[in-house]
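> prediction below, plus the sequence it came from.
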Amino acid sequence: MTEFENFIGFNPWTAMFTLLNMVLTFLILKKFLFKPVNKMIDDRQNEIDKIYADAHTAREDAETMREDYTRKLSEAKESSAQIVAEATQEANRRSDEIIRQARQDADALRQKAGADIELEKKKALNEVKGDISRIALDIAGKVVERELDEKDQTRLIEGFLREMGDQV
């Protein structure tokens with residue numbers, strides 16, 4: 001068999017040595033290469049998983065923020081609509097108040113003007129009565145052709161004014 005072994009080149013010791021060498025190389029590679037490589041792959045996988053988890057958390061946070069933004073925007077729109085409605089009501093109320101005050105002022109002015117007119121009318125009437133009484137005295141003096149004494153003048157003026165007062 002040695003020729004056959006030489007021809008094929010199979011030596012059991014060499015095969016055993018090669019097998020032992022291969023097992024020893026495998027164990028060394030496992031200890032120094034596979035474990036660090038597997039650890040590095042596991043670390044990288046954990047890092048990728050963490051990145052995905054962070055991205056998922058960030059996405060959920062973004063969704064929450066978007067919902068909050070939408071809710072706050074809706075609340076702001078409602079609030080602004082309420083403020084506009086309140087401002088409109090206040091403006092209408094203030095407008096009504098201004099109109100009511102203007103009417104009161106106009107009525108007061110009208111009453112004051114009426115009172116002033118009445119006062120002026122009385123003053124004018126008194127002036128006219130005074131003028132008429134002087135004219136009447138002059139006429140009466142010419143008719144009687146004599147000077148009236150003060151007592152007669154007063155009596156004639158009072159009688160004339162009573163007649164004028166009854167007519168007015």
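Arrived safely.

> contacts, neighbours, all on C-alpha from now
Fine.

> can you list the low-confidence ranges for the chain?
Residue ranges of the chain with pLDDT under 70: 1-10, 137-149, 164-168.

> run through the helices of it in chain order.
In the chain, the helices defined using DSSP state H lie at 2-8, 12-29, 35-144, 150-167.

> tabulate those helices in TSV, adding columns for mean neighbour count.
Compiled in TSV, the helices of the chain are given as follows (neighbours: other Cα atoms under 10 Å):
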stretch	mean neighbour count
helix 2-8	9
helix 12-29	12
helix 35-144	12
helix 150-167	13
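
> tell me, what residue is most central in the chain?
Ile83 (4.7 Å; Cα atoms, centre = their mean).

> so who does it touch?
Listed by Cα atoms under 8 Å, 6 or more residues apart in numbering, the contact set of Ile83 is empty.

> ok, now how distant is it from Arg94?
Separation of Ile83 from Arg94 (Cα to Cα, to the nearest Å): 16 Å.

> what of Leu33?
In this structure, Leu33 lies at 88 Å from Arg94, with Cα to Cα as the measure.

> try Glu75
Separation of Glu75 from Arg94 (Cα to Cα): 28 Å.

> go on, Gln111?
For Gln111, the distance to Arg94 (Cα to Cα) stands at 25 Å.

> repeat that for Ala81.
Ala81 is 20 Å from Arg94, where distance means Cα to Cα.

> go on, Lys112?
26 Å.

> now Gln153
As for Gln153, its distance to Arg94 is 64 Å (criterion: Cα to Cα).

> one more: Thr25?
As it turns out, when the distance is counted by Cα to Cα, Thr25 lies 98 Å from Arg94.

> Pro12 too?
Distance, Pro12 to Arg94, by Cα to Cα: 115 Å.
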